[in-house]
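Engineer: need a 3D model of the following:
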Amino acid sequence: VDAKFGFEMETFEFLNILQTHGFPKVMGIFTHLDQFRTAKNLRKTKKLLKHRFWTEIYEGAKMFYFSGVVNGEYLKNEIS
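Structural biologist: Numbering: from 1, shown residues only. Purely as a prediction, here's the structure:
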């Protein structure tokens, strides 16, 4: 999910399809976190997206935060 834009309708449609098929294990990945100018705005957005994701999936669903892409790849310390 592009964190700068937030959740889009296609994301909720996909989650709805997953729910109708038994809801296998799901994890969220939030990208483009480097586009936020202030740390306060970043924290606020992360919290908002996390609670919205937990509302749609289940409380405590696993999420990952990727800040940006360097040379076409995500940073190694965020992936491992």
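
Engineer: show me where the protein has helices.
Structural biologist: Secondary structure of the chain (DSSP state H): helices at 9-20, 39-56, 76-79.

Engineer: can you say which of those helices is packed in most?
Structural biologist: helix 39-56 (a mean of 14; mean count of other CB atoms under 10 Å). Bear in mind the C-beta positions are built from the backbone N, C-alpha and C, glycine included.

Engineer: which residues sit against that one?
Structural biologist: Contacts to helix 39-56, defined as CB atoms under 8 Å, 6 or more residues apart in numbering, come from residues 1, 3, 6-7, 12, 15, 28, 30, 33, 36, 60-61, 63, 65.

Engineer: which among those count as buried?
Structural biologist: 1, 3, 7, 15, 28, 30, 33, 36, 63 (16 or more other CB atoms under 10 Å).

Engineer: for the second one, what are phi and psi?
Structural biologist: So that's A3. Backbone torsions for A3, taken as degrees, to the nearest 10, come to phi -70, psi -30.

Engineer: can you read off the pLDDT for the nearest residue to F12 once chain neighbours are set aside?
Structural biologist: Leaving aside its chain neighbours, F12 sits nearest to E56 (6.9 Å; criterion: CB to CB, 6 or more residues apart in numbering). With respect to pLDDT, E56 has a value of 82.
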